[in-house]
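Engineer: The following block contains a protein sequence and its predicted model.
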Amino acid sequence: MIETIRGVILAETAVGDYDKFMTVLTERGTMSVFGNGIKRLKSPNFVGTQLYSYSEFTVAQKGDKYYLREASLIESFFAMRNTIEGIALASYISQVAVDLSVEGEGARELLRLVLNCFYIISEGKKPIGQVKAVFELRALADAGYAPDIVGCNGCGKYNLNVYYFDVEGGNFLCEDCFRRRNADFEDALRRESESDGIYSGARLIMILSPDVYVAMRYILYSRPERIFAFEIRDGALDELCDVCEKYVTCHMEKNYRTLDFYNSVVRKKD
Ligand SMILES: [Zn+2]
């Protein structure tokens with residue numbers, strides 16, 4: 001069967017000198033496509049099959065495998081390569097997106113989000129940390145891991161000075177409820193370290209400021225085309241990056257090497 005579908009190339013594996021397998025995120029989910037001879041510069045499909053390209057693929061399906069017939073480039077996002085942080089983030093986003101391996105409606109949302117992030121990275125008009133945090137939180141939420149941050153998990157209050165966010169539980173408590181549930185509250189607080197949060201029993205609790213809470217709500221509930229349309233001050237952005245990153249690591253149960261690399265290049269720049 002031959003079909004044409006649009007998708008973005010999130011990973012590739014070389015086979016010999018001229019062929020490669022590509023992992024392509026489409027609105028139906030990810031598919032593995034084999035391209036014969038596409039690494040040759042003279043191949044008519046060379047341009048449309050570069051990593052991170054969004055292209056229209058004509059493929060032939062044999063069993064559960066897809067073979068490339070033709071790839072025509074829609075958008076290369078080439079400018080992501082202008083900065084090392086940009087390319088590092090693109091590779092982390094790609095890895096998480098492949099791991100989420102959602103299907104149906106979720107895949108359509110994920111494809112849209114990845115394209116949106118790649119576009120914003122290319123443009124370079126938003127802080128790179130903001131792109132990362134938006135991707136992390138929204139991608140996980142769309143895949144079914146949305147935190148419940150509508151109100152305090154104990155009393156329902158939501159206009160607070162401080163939020164005790166339970167990373168694994170994906171919910172938060174107000175200070176009163178947190179104290180009530182943690183007889184050893186003062187002890188717990190003493191162990192606080194700025195960016196690592198505190199532990200309540202075995203639970204990782206991040207203490208969030210109102211700015212971060214508002215940003216998280218925005219990321220979760222805004223329309224996809226408006227998802228980057230918010231401003232956040234530098235200090236709060238660092239907090240937001242921290243909590244979103246820990247949320248991914250906790251719920252994907254995985255430490256991403258691409259994330260370590262991203263953090264190493266961003267820290268070097270600071
Ligand atoms: Zn409460």
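Structural biologist: Yes, it's here.
Engineer: what about the helices in the chain?
Structural biologist: Remark: helices assigned in the chain by DSSP state H are 84-100, 105-123, 128-140, 175-181, 185-190, 210-221, 234-251, 257-269.
Engineer: Distance-wise, check residue 9 relative to residue 52.
Structural biologist: 6 Å (C-beta to C-beta, to the nearest Å). (C-beta placed from N, C-alpha, C; glycine too.)
Engineer: Equivalent analysis for residue 174, please.
Structural biologist: From residue 174 across to residue 52, the span is 42 Å (C-beta to C-beta).
Engineer: So which residues on the stretch 101-250 of the chain come close to the ion?
Structural biologist: Where proximity means C-beta under 5 Å from the ion, the interface of the stretch 101-250 of the chain facing the ion comprises 152, 154, 155, 174, 177.
Engineer: which ones are touching the last one?
Structural biologist: Which is residue 177. 152, 153, 154, 155 (C-beta atoms under 8 Å, 6 or more residues apart in numbering).
Engineer: Which of the residues of the stretch 101-250 of the chain next to the ion has the largest number of neighbours?
Structural biologist: Among these, residue 174 has the most neighbours (other C-beta atoms under 10 Å), with 22 neighbours.
Engineer: That one reaches residue 159, doesn't it?
Structural biologist: No: Residue 174 is beyond contact range of residue 159, at 9.6 Å (criterion: C-beta atoms under 8 Å).
Engineer: Partner strands of the lengthiest strand in the chain and their direction?
Structural biologist: In the chain, ranked by residue count with DSSP state E as the criterion, the top strand is strand 2-15. Strand 2-15 sits in its sheet next to strand 19-26 (antiparallel), strand 54-62 (antiparallel), going by DSSP bridges.
Engineer: Pull the CA coordinates from it and hand them back as PDB.
Structural biologist: The C-alpha coordinates for strand 2-15 follow below in PDB (Å, rounded to 0.1, in the frame of the first residue of the first chain):
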ATOM      1  CA  ILE A   2       1.300   3.400  -0.900                       C
ATOM      2  CA  GLU A   3       0.400   6.500   1.100                       C
ATOM      3  CA  THR A   4       1.400  10.100   1.700                       C
ATOM      4  CA  ILE A   5       1.700  11.500   5.200                       C
ATOM      5  CA  ARG A   6       3.300  14.600   6.800                       C
ATOM      6  CA  GLY A   7       5.700  14.200   9.700                       C
ATOM      7  CA  VAL A   8       8.900  15.400  11.400                       C
ATOM      8  CA  ILE A   9      12.000  13.300  11.600                       C
ATOM      9  CA  LEU A  10      13.000  12.900  15.300                       C
ATOM     10  CA  ALA A  11      15.700  10.300  15.000                       C
ATOM     11  CA  GLU A  12      17.800   8.500  12.400                       C
ATOM     12  CA  THR A  13      20.000   5.500  12.300                       C
ATOM     13  CA  ALA A  14      22.500   5.000   9.500                       C
ATOM     14  CA  VAL A  15      22.500   1.700   7.600                       C
END
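Engineer: Residues in contact with it: which ones?
Structural biologist: 20-28, 30-31, 34, 39, 49-61, 69, 74, 94-95, 97-98, 111, 114-115, 118.
Engineer: and that strand, which residues are buried?
Structural biologist: Neighbour-count burial for strand 2-15, counted by 16 or more other C-beta atoms under 10 Å, picks out 5, 6, 7, 8, 9, 10, 11, 12.
Engineer: do the same with stretch 242-253
Structural biologist: Buried positions in stretch 242-253, judged by neighbour count with 16+ other C-beta under 10 Å: 242, 243, 244, 245, 246, 247, 248, 249, 250, 251, 252.
Engineer: wouldn't the fifth one be in contact with residue 166 here?
Structural biologist: By that I understand residue 246. No: the pair residue 246 / residue 166 is not scored as a contact, 11.0 Å apart, by C-beta under 8 Å.
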